[in-house]
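Asker: Have a look; sequence and predicted model below, questions after that.
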Amino acid sequence: MLKVLVSDPISDLGIQQLMDADDVTVDKNTGLSEDELVQIIGDYDALLVRSQTRVTERILAAGKKLKVVGRAGVGVDNIDLKAATQRGIIVINAPDGNTITTCEHTFAMMMALARHIPQAYAQTIVGTWDRKSFLGVELRNKTLGVLGMGRIGSEVAKRAKAFGMNILGYDPFLTEERAEKLGIKLASVNEIIRNADFMTVHTPLTPETKHMIARPQFEAMKKGMRIINCARGGVIDELALVEAINEGIVAGAAFDVFESEPPAQDHPFLSHPKIIVTPHLGASTVEAQENVAIDVSEQVLHILRDEPFKNAVNMPPVPSNVMTQLQPYFSLGEKLGSFAAQVTNQAVREIHVDYAGDLSSVDTQPLTRYILKGVLSRHLGSDVNIVNSVHLAKTRDIHLVVSQAPATKGFTNLITVTLKTQSGEEQRVAGTLLAGYGERIVQLNQFPVDVAPEAHFLLISHNDKPGIIGRVGTLLGENGVNIASMQVGRKIVGGEAIMILTVDKAVPKDVLVQLVGLPELNTAQEIVLN
Ligand SMILES: NC(=O)c1ccc[n+]([C@@H]2O[C@H](COP(=O)([O-])OP(=O)(O)OC[C@H]3O[C@@H](n4cnc5c(N)ncnc54)[C@H](O)[C@@H]3O)[C@@H](O)[C@H]2O)c1
Ligand SMILES: O=C(O)[C@H](O)COP(=O)(O)O
């Protein structure tokens, strides 16, 4: 039975599909400390979190069975991604489910800021009827600067237009064309700082965005700006912001997120009359919480069941049409990698993967990960998976060379895996997917062959002499090893030749020794493809 731990409050309706699955049990245990999680995580195959649980290296190291960490939301800054990747743990998020909700919270904050709603409310409920102190401003005809024009930033820009605002947007990936489509003006950070009346940030927190608005930006800022942060604490330097408000540069700020959450009780934002705050509520609506929980549960279930999945954060994104195209090749790729690794006798230094035919015009990165997994699993065992295979190859100084070419030597698709060792040994295996016939290995070094990659192979090198096939068959038969298929390959009559046999079960070691003792037979090796 697969076990899932939910360690933050996640919508019950959203995780219903996990709870309904026959092969899964779900434990909800929220508010645990790091030590407590380290104690129990070893039992679980999947961990589901929001932003409260800090998924540290210690927790990931203790998660010996952990296959996936699912984040029911966008930001994964509470998860040690590097440690997860090294351990081959997939991290997925739910990037789309809370976009509108967070965009709407941004507007709630912007309007509350423009009209002093929280401050006015606080006065009114204690009996102070103060209509003078809370003179607000309209949004209409004001300039809104949006830093980060991704999902949420773009939705904010769309709605700001309905309020009659002029929008300046900055994002390293924002093109003139897209800006035009959104009806906004592409601007630099400096232009936004100098011209906006309201500024809202919608970037992740990265080394580049940390304190992207700090003292120097406040010094250059248009006087009277109002600032909203519903993205991540730390994008705006909190202390520099308080200074800028006190100096009259900034008219007010609305923050949903803090550099450290929850903020200390004496955090200057909490007592400042011009700063309004919410406790990281951006994604907290019934709809968003259901959406993200449904999305993440669905993908976690796929991962646990070894099915194709999306939204991995520690693997490059692959469009679904590309994934559909590549998926049939994953098993073949892994088998070719494993086959090549098993026939290579020394440490691999270079892995060359050549894609041809149908595979020459697709982004084959995910497939390459399967091939690497096949190669590396020979020595690293089950610790290798498609998440960490590229990383593991790099850490072992294995050089990966991938090429794509339309020519196919007669096959509609062809994958050739060549392993090179430091001493110059080179092993090559090529395979194809034949329509209606499935996977085939079609070349082994210089020998053309045609075998289906089954679980147990016997690879024999011999001299092309009469009688050898019979002797091998007899010896295997006498030892109870049933031959399912046999292929013989040779370059020239009477020369060096190979025999590939698929057999129904593992070949005992002593039978391999007896085989090598046969006349004209040079080597005999078992290849196991799981
Ligand atoms: N307050 C909340 O509860 C809440 C809810 C959802 C999302 N978020 C946060 O909001 C942020 C945005 O979420 P999203 O779903 O729109 O993400 P997104 O990935 O769609 O958009 C982020 C954008 O930031 C841009 N960016 C990166 N570096 C930048 C830089 N230096 N300058 C300008 N732009 C830069 C990226 O190119 C991207 O387009 C994330 O940090 C997310 O964690 C907060
Ligand atoms: O990144 C996110 O999705 C938001 O910050 C929401 O975080 P939460 O799931 O803890 O509300």
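Answerer: That came through, no problem. Numbering: from 1, shown residues only. Ligands and ions are numbered 1, 2, ... in the order given.
Asker: Which other helices and strands does the host helix or strand of residue 144 contact?
Answerer: In this assignment (DSSP states H and E), residue 144 forms part of strand 143-147. On a contact count with 3 or more CB pairs under 8 Å, 6 or more residues apart in numbering; DSSP states H and E, strand 143-147 meets helix 151-162, strand 166-170, helix 189-195, strand 198-201. Where C-beta positions appear, they are placed from N, C-alpha and C, glycine not excepted.
Asker: How far away from the center of its chain is it?
Answerer: Strand 143-147 has its average C-alpha position 30 Å from the chain's average C-alpha position, going by CA atoms, centre = their mean, to the nearest Å.
Asker: and it with ligand 1, contact?
Answerer: Yes: Strand 143-147 lies within reach of ligand 1 by CB under 6 Å from any ligand atom, at residue 147.
Asker: which one of the helices and strands packed on strand 143-147 lies closest to ligand 1?
Answerer: helix 151-162 (3.4 Å; CB to the nearest ligand atom).
Asker: The closest one vs ligand 1: in contact?
Answerer: Yes: if you take CB under 6 Å from any ligand atom as the test, helix 151-162 does meet ligand 1, through 151, 152, 153.
Asker: Quick one: the helices and strands packed on strand 143-147 as JSON lines, columns for mean neighbour count too.
Answerer: Below are those laid out as JSON lines (neighbours: other CB atoms under 10 Å):
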{"stretch": "helix 151-162", "mean neighbour count": "20"}
{"stretch": "strand 166-170", "mean neighbour count": "22"}
{"stretch": "helix 189-195", "mean neighbour count": "17"}
{"stretch": "strand 198-201", "mean neighbour count": "26"}
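Asker: Make a markdown table out of these and add mean pLDDT.
Answerer: Shown next, in a markdown table, are the helices and strands packed on strand 143-147 (pLDDT from 0 to 100):
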| stretch | mean pLDDT |
| --- | --- |
| helix 151-162 | 97 |
| strand 166-170 | 97 |
| helix 189-195 | 98 |
| strand 198-201 | 98 |
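Asker: Among those, which comes closest to residue 406?
Answerer: Among the helices and strands packed on strand 143-147, the nearest to residue 406 by CB to CB is helix 151-162 (36.8 Å).
Asker: Which residues does that closest one contact?
Answerer: Here helix 151-162 makes contact (CB atoms under 8 Å, 6 or more residues apart in numbering) with 74, 95-96, 99-100, 102-103, 106-107, 139, 144, 146-147, 149, 167, 169, 171, 182-184, 200, 202-203, 230-231.
Asker: Skip ahead from the helix or strand hosting residue 47 and say which helix or strand is next.
Answerer: Counting by DSSP H and E, the element that carries residue 47 is strand 46-49. Sequence order places helix 57-62 as the next helix or strand after strand 46-49, per DSSP H and E.
Asker: Measure how far that next one is from the centre of its chain, please.
Answerer: Centroid displacement of helix 57-62 relative to its chain, using CA atoms, centre = their mean, is 18 Å.
Asker: where along the stretch 151-300 of the chain do the strands fall?
Answerer: Here the stretch 151-300 of the chain has its strands, by DSSP state E, counting those that start in this stretch, at 166-170, 185-186, 198-201, 225-229, 250-255, 275-277.
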